[in-house]
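*Asks:* got a predicted model here, sequence first, then my questions.
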Amino acid sequence: MKMIQRLLLCFLLLGGSALAKPQVVPYSALNPEAEQRRTALIIAQVLEGFHYTQPTIDDSLSSVAFDRFLESLDPNRVFFTQQDLRDFERYRKEFDDNLLNGHLDPPFDIFREVVVKLFAITLEIT
């Protein structure tokens, strides 16, 4: 009996996701929301005040976060050109200030660039 219940639960969980309809978000809507800005402020406070290493949110941490953010968006280095990376370089020392101020436009600008490139690649393939 328990086996049937488990199978039914797995079917419902996995089968439900197959029926889920993806939400299409227009490019213009890819902007930080107020809740995301508040979350950034909370993250900054928690990092500085409660993280066991108590890091200082400064330009050196900003540089590391910037590199990891780019790596997470383009791990195989297929989207960003050298020119893109040079253009993004202006954000390298700003990630810390942006986090402390809840200003998320620069990371969203970079993310939108990935979306544009991904869309262009998709159009080429189809």
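*Replies:* Ah, there it is.
*Asks:* when you work out contacts or count neighbours from here on, use the C-alpha atoms and nothing else.
*Replies:* OK.
*Asks:* and the pLDDT for Leu19?
*Replies:* Looking at Leu19, its pLDDT is 57.
*Asks:* oh, that last question was meant for Thr53, not what I typed.
*Replies:* For Thr53, the predicted pLDDT is 85.
*Asks:* next one: Phe69
*Replies:* Phe69 is assigned 95 on the pLDDT scale.
*Asks:* how about the helix or strand hosting it, which residues are buried there?
*Replies:* Using DSSP states H and E, Phe69 sits within helix 59-73. Across helix 59-73, burial judged by 16 or more other CA atoms under 10 Å covers 62-63, 65-66, 70, 73.
*Asks:* ok, now stretch 73-80?
*Replies:* 73, 79-80.
*Asks:* now whatever helix or strand comes next after the helix holding Phe69 - C-alpha only, CSV.
*Replies:* Per DSSP H and E, the first helix or strand lying C-terminal to helix 59-73 is helix 82-88. Taking C-alpha atoms only, helix 82-88 is exported to CSV below (Å, rounded to 0.1, in the frame of the first residue of the first chain):
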residue,chain,number,x,y,z
GLN,A,82,35.5,40.4,-25.2
GLN,A,83,33.8,43.7,-25.9
ASP,A,84,30.9,42.7,-23.6
LEU,A,85,33.3,41.9,-20.8
ARG,A,86,35.1,45.2,-21.3
ASP,A,87,31.8,47.0,-21.2
PHE,A,88,30.7,45.2,-18.0
